[in-house]
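1. Using only what follows, build the 3D model:
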Amino acid sequence: MADLSVEEMTTKANSVTDLSLESTRRMVQMTNDSLNVGVKTMTMLDEQGETLLNVEREMDLIKQDMKQARKNLNELSKCCGLCLCPCNRLKSTESDWRKKQVREPKESKQKVVSSQPTAVRNGQAVSAGSAAPTGPYIKR
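-> Next up is the predicted model:
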């Protein structure tokens, strides 16, 4: 360091300063780019949220229209406009749809065990009620 002249040290300090300044400019540019991406993302999410709300409103209207159409079909299928014939009765698709949504678990093919096999100790069957073993004991 002692063998460098003042001009060389000044030149080296200026180059380090220039590199730091350029690095800082790149960081500021990347920060601005990230900020712009965040703003665009928020705008798109807001638009998508509005679209989802519109879809929900439309689905509610469709559901109301379906109920009204079902009522109208039931009115049309009435015999002489007074009573509903059992053969012309329409099945409710809404209840069928709900049944499909909540499926009941399929019954297991295995049967429920009502009793356990008896225990065998020393060659003799042990009943479930007796806790102590029965039979001949080995004496020491």
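2. C-alpha from now on. contacts and neighbour counts both.
-> Fine.
3. Go through this structure and flag its longest helix.
-> When the chain is parsed with DSSP state H, its longest helix is helix 6-76.
4. looking at this structure, which helix or strand is least sure?
-> helix 93-101 (a mean of 60; mean pLDDT, DSSP states H and E).
5. hang on, the earlier thing: give the rounded mean pLDDT of the longest helix of the chain.
-> In this model, helix 6-76 has a mean pLDDT of 95.
6. what about Asp46, distance to Glu58?
-> Separation of Asp46 from Glu58 (C-alpha to C-alpha, to the nearest Å) stands at 19 Å.
7. before we move on, what SS does Leu4 have?
-> Secondary structure, DSSP: H, G, I helix; E, B strand; the rest coil: Leu4 is coil.
8. what's the burial count for it?
-> Look at Leu4: counted by other C-alpha atoms under 10 Å, it has 9 neighbours.
9. quick one: it and Thr11, what's the gap?
-> Here Leu4 is placed at a distance of 11 Å from Thr11 (C-alpha to C-alpha).
10. likewise Asp60?
-> From Asp60 to Thr11 the distance is 74 Å (C-alpha to C-alpha).
11. ok, now Leu45?
-> Distance, Leu45 to Thr11, by C-alpha to C-alpha: 51 Å.
12. ok, now Gln29?
-> Computed as C-alpha to C-alpha, the Gln29 to Thr11 distance reads 27 Å.
13. Next: Arg57.
-> The value you get for Arg57 to Thr11, if C-alpha to C-alpha is used, is 69 Å.
14. burial count for Gln29?
-> Neighbour count of Gln29, defined by other C-alpha under 10 Å: 12.
15. now swap in Thr31 and tell me
-> Neighbours of Thr31 under the rule other C-alpha under 10 Å: 12.
16. same thing with Leu76?
-> When neighbours are counted by other C-alpha under 10 Å, Leu76 registers 13.
17. Leu45 too?
-> 12.
18. Distance-wise, check it relative to Val55.
-> Distance of Leu45 to Val55, given as C-alpha to C-alpha: 15 Å.
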